[in-house]
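S.K.: Predicted model and sequence follow; I will ask about them next.
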Amino acid sequence: MEIPEELPPQMVQHRFSFLLDATRNFWLFMLMFIVIAVQSVGLYLEWRPDRGRYDNDLKYRYVLMKGEASPKRLSELEELFEVERNQRRIDSMRRDVEKYERLVRRRAASTSRRG
């Protein structure tokens, strides 16, 4: 048997098709889409910071800084954070609390060095 020097070129064609005409394929695709959408929403909600937890922490630290928890002060805090949220005042409060905490740490460190 003799092998020719040049073989004729062969064309191979692959065709893939995804038809949504078939009922089963359509419902599987829709189910997959719904599952991905639900998971995406769930991941987003988990990723978001829990603002309520941070707000409550700041309120607690602010009350510790002021040294009293009167009903009037607590209602003012609730109004500031919930009813009429004022982000500028909240940021100012956060800076004041952090400054106070730094001063307390410095004072505690200097007291422990003396003693």
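M.R.: Structure's in. What do you need?
S.K.: Let me see the ranges of the helices in this protein.
M.R.: 23-47, 51-66, 71-78, 87-114 (DSSP state H).
S.K.: In a markdown table, list the ones you listed along with distance to residue 15, mean pLDDT and mean neighbour count.
M.R.: Where C-beta positions appear, they are placed from N, C-alpha and C, glycine not excepted. Formatted as a markdown table, the helices of the chain follow (distance: least, Cβ to Cβ, whole Å; pLDDT from 0 to 100; neighbours: other Cβ atoms under 10 Å):
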| stretch | distance to residue 15 | mean pLDDT | mean neighbour count |
| --- | --- | --- | --- |
| helix 23-47 | 16 | 90 | 10 |
| helix 51-66 | 53 | 88 | 14 |
| helix 71-78 | 66 | 88 | 12 |
| helix 87-114 | 58 | 91 | 11 |
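S.K.: Let's have those helices in JSON lines, adding distance to residue 16.
M.R.: Listed next are the helices of the chain as JSON lines, based on distance: least, Cβ to Cβ, whole Å:
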{"stretch": "helix 23-47", "distance to residue 16": "13"}
{"stretch": "helix 51-66", "distance to residue 16": "47"}
{"stretch": "helix 71-78", "distance to residue 16": "61"}
{"stretch": "helix 87-114", "distance to residue 16": "53"}
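S.K.: out of those helices, which comes closest to residue 11?
M.R.: Distance to residue 11, taken as Cβ to Cβ, is lowest for helix 23-47 among the helices of the chain, at 28.9 Å.
S.K.: what helices or strands is that closest one leaning on?
M.R.: Counting contacts by 3 or more Cβ pairs under 8 Å, 6 or more residues apart in numbering; DSSP states H and E, helix 23-47 is packed against no other helix or strand.
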